[in-house]
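J.: What follows is a predicted protein model with its sequence.
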Amino acid sequence: MLRRLVFSAFAAGTAAPSADNSRPAGASNGRVPNDLAPCERSVRKDAPELVQVILVMRHGYRTPLYGFGSLESLDWQCLSPEETESIFSQIDLYRVKPSSYIEEEKCRVGPEVLDVASFRKAVVGFGNCFSGQLTRLGHQQMSALGQKLRRHYVDFLNFLPSEWDARQFFVRSSSIRRNVESAFEVIRGMYPKSRENVAIHLYSPKEENIYFDNTCKTLRQLFLEFRYPGGINAEKRQWGPLFEASDFKDVSEYQSWSRLSPPALCNKLWTIFAHNLPFPQGITPESVVKACELSGKYHGELLSDPLVCKLGIGRLLKDIVQHLQYKISTRSIDGSEPANGDWSPRLVLLSGHDSTLAPLLQTLKLSKGIHPTMGSVIAFELWAQKSQPEPTYFVKVMYNFEDMIIPECNNQIMCPWNDFFELTKSKIPQDYDLECHLPKASV
């Protein structure tokens, strides 16, 4: 029962157990339950028309990024090499420049570009898996997310086509294998009958903006100032010890767990919990709650500095704004799709990480600190209201299918496009390379 309560708390995006026994896909029984009912939303006849959706999601359940002690002996289950090869035979990978889908400029690349060198070095044994790999349960979880998106955007809103039409979609992922596979599973979950390959686009390592750039000197300085001497160390002291050394089988295992950063600790415990695997001696379900609450606090404190958000996720926010802006610019005044060759997709899918979703939520002041669990998704919806002389556009944001109030837009859910555009200006770096090498006070 306690496992179920813990899972329910974080499925709802809260930081403490609740009495609700509902569980997300891949709950503690290690299976994907049939709990993905269509979203219940009434649509009035005079309601605005949905014209574009940008989904920013976190990858599905994975193995830990690195292991120690008893972690590697747990029964992790992943796809076989043959199954993985079959998936990649259905994916076309392309290297693109930021926003280059507009000109359709892209270069075909192979799977060998995935997983940066640092991740290759971290590979350790996890049953039949490697570190950071999307597990079999993670594949099922993301396919279930795709099915829910289909029910919502195809069956319920009649927004996306019932049959796969590649021109209506743009999919981009970080160059990490689990993210590419997660994006593929979402699309296949939405369109299981399609036999066309799925095009997934990647930025070069230098241009990647879907997570924090560790080459940005100003950002590194801000991280160091946060961590030492106060910051999260002070938070840890405030919370007290998460574990008792005497509960562990040896001192080295206790030290391995206690030295982890709050996000790393939450991720490691959460994935053990989600797969219904036994906790190591000294770890309890209460540890999951406490660690993930602390991780939310960590994100809240770190991202309370607008400069961290601006340099950390501002370039991705710029991409999102440009997608929306281009969609508006290519629509006719009467709302029809352009006939002159201009094109923009109906759905943009961006496959990222917890370090993608947390700062996006915080920079728009949609959260004061949350740890986005694996499989979480932010939706930016662009709506058009017929008016004269031309349509009026609005942006709505949802987190895990729940409408979000936008504080900087007069606490509205439907934020007028011009207001949304204006509130994002200060959150986007004007000259990223320059601002990353200036003293903090000059930025």
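T.: Perfect, I can see it now.

J.: can you give me the strands for the stretch 1-150 of the chain?
T.: Using DSSP state E, counting those that start in this stretch, the strands of the stretch 1-150 of the chain run over 49-58, 91-95, 107-109.

J.: Buried deepest among these, which one?
T.: Taking mean count of other CB atoms under 10 Å as the contact definition, the stretch among the strands of the stretch 1-150 of the chain with the greatest mean neighbour count is strand 49-58, which reaches a mean of 22. Backbone N, C-alpha and C define where each C-beta goes, glycine included.

J.: for that strand, packing partners?
T.: The helices and strands touching strand 49-58, judged by 3 or more CB pairs under 8 Å, 6 or more residues apart in numbering; DSSP states H and E, are helix 177-190, helix 306-330, strand 347-352, helix 354-363, strand 377-385.

J.: can you redo those as JSON lines with distance to Arg220 and mean pLDDT?
T.: Formatted as JSON lines, the helices and strands packed on strand 49-58 follow (distance: least, CB to CB, whole Å; pLDDT from 0 to 100):
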{"stretch": "helix 177-190", "distance to Arg220": "24", "mean pLDDT": "97"}
{"stretch": "helix 306-330", "distance to Arg220": "10", "mean pLDDT": "94"}
{"stretch": "strand 347-352", "distance to Arg220": "20", "mean pLDDT": "97"}
{"stretch": "helix 354-363", "distance to Arg220": "14", "mean pLDDT": "96"}
{"stretch": "strand 377-385", "distance to Arg220": "26", "mean pLDDT": "96"}
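
J.: Mind putting the ones you listed into TSV with distance to Gln168 and mean neighbour count?
T.: Listed next are the helices and strands packed on strand 49-58 as TSV, based on distance: least, CB to CB, whole Å; neighbours: other CB atoms under 10 Å:
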stretch	distance to Gln168	mean neighbour count
helix 177-190	11	25
helix 306-330	12	20
strand 347-352	7	24
helix 354-363	23	24
strand 377-385	14	21
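
J.: Format these as CSV; extra columns: distance to Asp250.
T.: As requested, the helices and strands packed on strand 49-58 are arranged in CSV below (distance: least, CB to CB, whole Å):
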stretch, distance to Asp250
helix 177-190, 31
helix 306-330, 37
strand 347-352, 37
helix 354-363, 30
strand 377-385, 40
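
J.: So for Asp433, which of these sits nearest?
T.: Closest to Asp433 of the helices and strands packed on strand 49-58, according to CB to CB: helix 306-330, at 10.8 Å.

J.: Kindly calculate the angle that that closest one makes with helix 354-363.
T.: Angular relation of helix 306-330 and helix 354-363 on a 0 to 180 degree scale: 90 degrees, by axes from the mean of the first three to the mean of the last three CA atoms, to 10 degrees.

J.: Just want the most central residue of this structure.
T.: Most central residue of the chain, judged by C-alpha distance to the mean C-alpha position with CA atoms, centre = their mean, is Arg58 at 2.6 Å.

J.: Hmm, it is touching His371, no?
T.: No. Arg58 lies out of contact with His371 (CB atoms under 8 Å); the separation is 10.3 Å.

J.: which residues are common contacts for these two?
T.: Jointly contacting Arg58 and His371 under the rule CB atoms under 8 Å, 6 or more residues apart in numbering are Asp354.

J.: what's the spatially closest residue to Pro161 that is not a sequence neighbour in contact with, if anything?
T.: Taking CB to CB, 6 or more residues apart in numbering as the measure, Pro161 lies nearest to Gln168, with 6.1 Å between them; neighbours along the chain are not counted. With CB under 8 Å, 6+ apart as the criterion, the residues that contact Gln168 are Leu160, Pro161, Pro345, Arg346, Leu347.

J.: With distance to Pro389 added, can I get those in TSV?
T.: Written out in TSV, the entries for those read as follows (distance: CB to CB, whole Å):
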residue	distance to Pro389
Leu160	29
Pro161	30
Pro345	27
Arg346	25
Leu347	28
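
J.: which one of those residues sits closest to Asn267?
T.: Distance from Asn267 was checked for each of these by CB to CB. The minimum falls on Leu347, at 27.5 Å.

J.: I figured the closest one hits Val51, correct?
T.: No. With contact taken as CB under 8 Å, Leu347 and Val51 are classed as non-touching, separated by 10.9 Å.

J.: what ranges of the chain fall below the confidence cut-off?
T.: 1-46, 69, 99-105, 116-125, 228-241, 332-342, 438-443 (pLDDT under 70).

J.: Can you pull the phi and psi angles for Arg172?
T.: Per-residue torsions, Arg172: phi -130, psi 150 (degrees, to the nearest 10).

J.: if I look at it, how far off is Ala183?
T.: From Arg172 across to Ala183, the span is 8 Å (CB to CB, to the nearest Å).

J.: One more: Trp164?
T.: Relative to Ala183, Trp164 is positioned 14 Å away (criterion: CB to CB).

J.: what's the answer for Val377, then?
T.: Val377 sits 12 Å away from Ala183 when distances are taken as CB to CB.

J.: Same check on His371?
T.: His371 sits 22 Å away from Ala183, taking CB to CB as the criterion.

J.: I'd like to check which residues are in contact with the closest residue to Asp305 other than its chain neighbours.
T.: Spatially, and ignoring its direct neighbours in sequence, Asp305 is nearest to Leu222 (6.3 Å; CB to CB, 6+ apart). With contact taken as CB under 8 Å, 6+ apart, Leu222 is in contact with Asp305, Leu307, Val308, Leu311, Lys440.

J.: For those residues, could you give me a markdown table that also reports distance to Phe130?
T.: A markdown table is the format used below for the contacts of Leu222 (distance: CB to CB, whole Å):
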| residue | distance to Phe130 |
| --- | --- |
| Asp305 | 35 |
| Leu307 | 36 |
| Val308 | 31 |
| Leu311 | 32 |
| Lys440 | 38 |
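
J.: And these, which is closest to Ala384?
T.: Checking these against Ala384 by CB to CB gives Leu311 as the nearest, at 32.7 Å.

J.: For burial, what's the neighbour tally of the residue nearest to Ala384 when sequence neighbours are not counted?
T.: Residue nearest to Ala384 in three dimensions, not counting chain neighbours: Pro391, with 4.2 Å by CB to CB, 6+ apart. For Pro391, the tally of surrounding residues (other CB atoms under 10 Å) stands at 21.

J.: so how far is Leu260 from Pro391?
T.: 50 Å.

J.: partners of Arg58 in the sheet?
T.: When bridges are assigned using DSSP bridges, the partners listed for Arg58 are Gly352.

J.: how far away is it from Glu181?
T.: 13 Å.

J.: So which bits of stretch 190-198 are buried?
T.: When burial is assessed from 16 or more other CB atoms under 10 Å, stretch 190-198 yields the following buried residues: Met190, Tyr191, Val198.
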